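In: what's the 3D shape of this:
(chains A, B, C, D and E)
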Amino acid sequence: MCGRFTLYSSLNNLKKVFDIDTVTCEIKANYNVAPGHEVYAIIRGSILKQNDNRLGKLHWGLVPSWAKDLSGASRLINARAETLQEKPSFRNALKKRRCLIIADGFYEWKEKQPWYCLPAAGSLFGFAGLWETWKENNKSAYHSCTIITTEASESIKEIHDRMPVILKPEIIKEWLNPATQEYEKLSMILKHGHVTRIRTYQVSKFVDSPKNNGPRCIKP
DNA sequence: CCAGACGTTGTT
DNA sequence: GTCTGG
DNA sequence: CCAGACGTTGTT
DNA sequence: GTCTGG
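Out: As a prediction, the model looks like this:
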């Protein structure tokens, strides 16, 4: 799965790697992004009907629009690629509210020991994600997201049996395009358009507590 | 008809 | 919101 | 994902 | 043990 990750690259680096037209927030380095935290994601064609790639903040842990309150806000942090279409919490978002969640790397735990997973070829990760807006009368909207997961590739199978869907750079445009709505096409992107080569190394249990942060989290 | 659910993951 | 179960 | 909490009652 | 919070 993907229950903790990092984002510490500068905005300039993000712009070099991804196609970003508009930036709506400041980027703050985080070596221990936990559920409930704010994450940075690229969205195209939201309710604002903008036609550019917009980088903004979303809360990690998807809250469906029909949720009664925010009490379950950190529960839906992952969504299985294999069953997205059947799930009431994800189905509509798959069709209309896809996003790309930016990360430098992510953590996986094997027998209570944390490992850090990062791109084998340098650069950054773009996770396939879904987002949603939840609103209570008269209050401001709560924007949230979930990270789509798939079967682990050879590179990390020994550590864990699930991993986030890391989109190949050349397929990101199609994933973010609001016009892409056929399930067959989306399914193909998730199944065949993701990166499988990951580099891993063991890190200390410092990262275990969501209160801890800083470069020490990713120290081998 | 209304009520109630709606999600993923890991664990010995 | 939308589907399933009673 | 891991850490941390885990409760009731009456009172102005 | 199990749920909530980060």
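In: Find the helix or strand that the closest residue to DNA strand C within chain A is a member of.
Out: Residue of chain A nearest DNA strand C, by CB to the nearest atom of the strand: residue A:66 (3.2 Å). Where you see a C-beta, it was placed from the backbone N, CA and C, and this is true even at glycine. Using DSSP states H and E, residue A:66 falls within no helix or strand.
In: How about residue A:106?
Out: Going by DSSP H and E, residue A:106 is part of strand A:105-110.
In: Let me know how buried the spatially closest residue to residue A:110 that is not a sequence neighbour is, in neighbour terms.
Out: Spatial nearest neighbour of residue A:110, excluding adjacent residues (CB to CB, 6 or more residues apart in numbering): residue A:159 at 4.7 Å. When neighbours are defined as other CB atoms under 10 Å, residue A:159 has 20 of them.
In: now the farthest one out in chain A, which residue is it?
Out: The centre of chain A is farthest from one residue, residue A:138, which by CA atoms, centre = their mean lies 28.9 Å away.
In: secondary structure class for that one?
Out: Here residue A:138 takes the coil state, with states given by DSSP: H, G, I helix; E, B strand; the rest coil.
In: what about the helices in chain A?
Out: A:11-17, A:91-96, A:172-176, A:183-192 (DSSP state H).
In: Of the ones you listed, which is nearest DNA strand B?
Out: Closest approach to DNA strand B among these (CB to the nearest atom of the strand): helix A:91-96, 7.7 Å.
In: Run the chain-centre distance for the closest one.
Out: Computed by CA atoms, centre = their mean, to the nearest Å, the chain-centroid distance of helix A:91-96 equals 16 Å.
In: With only the CA atoms kept, save it in PDB.
Out: Output in PDB follows, covering the C-alpha atoms of helix A:91-96 (Å, rounded to 0.1, in the frame of the first residue of the first chain):
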ATOM      1  CA  ARG A  91     -16.600   5.400  -8.900                       C
ATOM      2  CA  ASN A  92     -17.600   9.000  -9.800                       C
ATOM      3  CA  ALA A  93     -14.200  10.400  -8.900                       C
ATOM      4  CA  LEU A  94     -12.500   7.900 -11.300                       C
ATOM      5  CA  LYS A  95     -14.600   9.300 -14.100                       C
ATOM      6  CA  LYS A  96     -14.400  12.900 -13.300                       C
END
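In: right, is it up against DNA strand B?
Out: No - counting by CB under 7 Å from any atom of the strand, DNA strand B is not contacted by helix A:91-96; separation bottoms out at 7.7 Å.
In: returning to what we had before: mind putting the helices of chain A into CSV with mean neighbour count?
Out: Output for the helices of chain A, formatted as CSV (neighbours: other CB atoms under 10 Å):
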stretch, mean neighbour count
helix A:11-17, 14
helix A:91-96, 18
helix A:172-176, 19
helix A:183-192, 14
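In: does any bit of stretch A:202-212 sit next to DNA strand B?
Out: No - Stretch A:202-212 does not reach DNA strand B (CB under 7 Å from any atom of the strand); its nearest approach is 12.3 Å.
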